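In: Output the structure for:
(one chain, ligands or ions: 5)
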Amino acid sequence: MIRKAALPALLFVFFLLEGAEGWFYPPPVPPEEYGNILINRTSEKNGVKAATFSHWLHRRRHTCRVCHFELEFNMKVNTTEITEEANKSGRYCGAAGCHDGSVVFGHDEGNCQKCHNGDKSYGKENFNRLGHLPRTQFGNKRDWSVAIEKKLIKPRNFLTVKPSGDINFSKKLLLEAEMLNIPPAVFPHRAHTRWLDCNNCHPDIFNIKMKTTKHFSMDYIVQGQFCGVCHMNVAFPINDCERCHPGMGNKL
Ligand code: HEC
Ligand code: HEC
Ligand code: HEC
Ligand code: HEC
Ligand code: HEC
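Out: Ligands and ions are numbered 1, 2, ... in the order given. Have a look, this model is predicted:
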């Protein structure tokens with residue numbers, strides 16, 4: 001037990017001592033700002049404030065798959081060529097049933113400020129809508145896995161493109177560490193396929209044919225690669241060691 005609790009702290013010191021190799025942990029943000037982004041590829045250049053976007057607000061109603069597979073938003077801010085013209089013609093934010101004015105506000109005068117306000121904490125008063133969800137220690141401090149599994153939230157999994165029926169892949173993988181005495185990381189497919197399409201990860205982030213596990217070291221993960229694509233900024237963050245390495249404690 002002592003070792004379990006002390007391990008992350010020891011490792012942390014170890015990696016600090018490593019100097020340049022030390023891991024960078026994103027500074028903690030208030031739970032109501034975790035996963036919020038400001039999209040500003042073209043906004044300010046065109047005389048409007050950056051568009052604010054909150055993941056926790058949207059993921060209650062739609063899975064990642066809807067936006068990052070069907071609507072083709074990239075999982076890196078400011079890399080998708082979102083334009084106001086595309087939004088108004090039914091793509092991206094303006095997709096049917098989204099910001100087209102039918103269910104939620106659309107792209108008309110009077111609504112511009114709801115998106116183009118440059119305020120990362122915009123809408124934080126709505127965070128109490130997550131009040132009923134079980135708690136965790138980091139990120140939004142809400143357990144999104146239990147929330148979706150127990151149907152405390154029921155996000156839509158598609159708009160028009162249904163997931164194919166055969167995606168029931170639920171293999172739980174044990175990712176063995178290359179380092180001595182490090183408890184392996186677990187990768188439960190099911191906890192991910194509730195939210196994501198296979199294509200969100202295969203083959204771009206993880207090549208199933210290559211068995212690349214040995215290359216996913218924490219150095220890469222904290223730089224936002226592999227598991228770090230999502231677990232640095234939207235899904236529970238990297239500080240939560242024991243959710244990935246069940247044999248470790250969380251004492252950072
Ligand atoms: C309602 C749509 C929507 C949903 C649902 C959604 N996202 Fe996003 N996500 C976006 C948009 C828009 C961006 C910004 C894209 C851009 O600027 O190119 C983004 C960006 C990201 C980024 C990059 C963040 C950064 O700081 O660079 C990650 C990672 C991400 N999303 C993961 C997820 C995950 C995981 C889920 C599900 C839990 C999810 N998203 C659900 C719309 C969505
Ligand atoms: C639902 C959110 C939303 C609403 C409402 C909205 N926009 Fe946007 N708009 C965006 C996003 C996201 C982008 C892409 C921003 C970027 O990459 O910098 C964008 C881009 C823009 C751009 C950048 C240049 C271009 O043409 O793409 C302008 C200008 C713009 N919007 C003006 C407006 C105006 C004016 C309104 C109100 C009539 C409005 N927007 C309403 C989300 C919104
Ligand atoms: C999102 C999942 C995830 C989280 C959170 C996470 N890890 Fe890892 N970690 C991995 C994966 C995947 C590997 C590579 C396979 C393995 O070595 O078990 C790994 C590997 C490691 C290794 C082996 C050496 C190396 O650099 O790869 C150490 C040490 C480690 N993690 C420590 C930690 C500590 C300490 C924390 C908390 C601060 C943490 N991890 C949080 C997924 C995670
Ligand atoms: C969140 C990311 C993610 C999603 C979504 C995902 N996978 Fe994986 N998958 C992984 C990782 C990580 C591995 C391990 C890769 C490695 O070891 O190189 C893996 C491995 C696999 C393997 C090889 C298993 C083995 O025993 O070696 C198969 C097959 C697979 N995935 C199929 C799927 C299918 C089918 C889906 C959709 C139902 C899916 N995956 C969705 C991340 C994902
Ligand atoms: C494409 C995005 C994405 C990638 C890549 C990804 N995850 Fe996740 N992961 C999620 C989301 C979304 C959840 C749901 C929980 C949340 O959002 O906090 C999740 C949940 C989990 C859980 C479930 C925790 C629980 O309490 O049930 C584990 C464990 C996990 N991820 C480990 C990993 C590991 C290890 C890797 C890399 C091998 C990885 N994930 C890669 C998005 C991702």
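In: For residue 187, which three-state class applies?
Out: strand (DSSP: H, G, I helix; E, B strand; the rest coil).
In: can stretch 110-122 be found next to ligand 2?
Out: Yes. For stretch 110-122, a contact with ligand 2 is found by CB under 6 Å from any ligand atom, at 111-112, 114-116. Heads up, the C-betas are built off the backbone N, CA and C, glycines and all.
In: hmm, which of these are the buried ones?
Out: Neighbour-count burial (16 or more other CB atoms under 10 Å) applied to these gives 115-116.
In: any chance of the residues of stretch 110-122 next to ligand 2 in CSV, with distance to residue 79 too?
Out: As requested, these are exported to CSV (distance: CB to CB, whole Å):
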residue, distance to residue 79
111, 25
112, 23
114, 23
115, 18
116, 19
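In: any idea which of the residues of stretch 110-122 next to ligand 2 is closest to residue 199?
Out: residue 115 (27.3 Å; CB to CB).
In: count of residues packed around residue 236?
Out: Neighbours of residue 236 under the rule other CB atoms under 10 Å: 21.
In: Tell me how far it lies from ligand 5.
Out: 4 Å (CB to the nearest ligand atom, to the nearest Å).
In: do the same with residue 183
Out: With CB to the nearest ligand atom as the criterion, residue 183 and ligand 5 are 12 Å apart.
In: ok, the residues of stretch 110-122 next to ligand 2 vs ligand 1, which is closest?
Out: residue 115 (10.5 Å; CB to the nearest ligand atom).
In: and that closest one, what does it touch?
Out: The contact partners of residue 115, by CB atoms under 8 Å, 6 or more residues apart in numbering, come to 51-53, 93, 99.
In: Residue 103 now?
Out: By CB under 8 Å, 6+ apart, the residues touching residue 103 are residue 97.
In: returning to that earlier point: ligand 4 next: which of the contacts of residue 115 are close?
Out: Checking these against ligand 4 by CB under 6 Å from any ligand atom, not one of them is in range.
In: Figure out the helix or strand that residue 98 lives in.
Out: Using DSSP states H and E, residue 98 falls within no helix or strand.
In: From the structure, what's the count of residues near the closest residue to it other than its chain neighbours?
Out: Spatially, and ignoring its direct neighbours in sequence, residue 98 is nearest to residue 104 (6.9 Å; CB to CB, 6 or more residues apart in numbering). Using other CB under 10 Å, residue 104 is surrounded by 13 other residues.
In: just residue 124 next, same as before
Out: 17.
In: Spell out which parts of the chain neighbour ligand 2.
Out: Counting by CB under 6 Å from any ligand atom, the chain sits next to ligand 2 at 39-43, 46, 48, 51, 82-85, 87, 93, 99, 107-109, 111-112, 114-116.
In: filter the residues you listed to the buried ones?
Out: Neighbour counting with 16+ other CB under 10 Å marks 39-40, 43, 48, 51, 82, 84, 87, 93, 99, 107, 115-116 as buried within those.
In: What residues sit buried inside stretch 172-183?
Out: 175, 177, 183.
In: Of these, just say which sits nearest to ligand 2.
Out: Nearest to ligand 2, judged by CB to the nearest ligand atom, of the buried residues of stretch 172-183 is residue 175 at 35.3 Å.
In: Report the separation between that closest one and residue 216.
Out: 7 Å (CB to CB, to the nearest Å).
In: and the gap between the residue of the stretch 151-252 of the chain found nearest ligand 2 and ligand 4?
Out: Residue nearest to ligand 2 within the stretch 151-252 of the chain (CB to the nearest ligand atom): residue 159, separated by 15.5 Å. With distances defined as CB to the nearest ligand atom, the gap from residue 159 to ligand 4 amounts to 19 Å.
In: again with residue 65
Out: Residue 65 is 9 Å from ligand 4, by CB to the nearest ligand atom.
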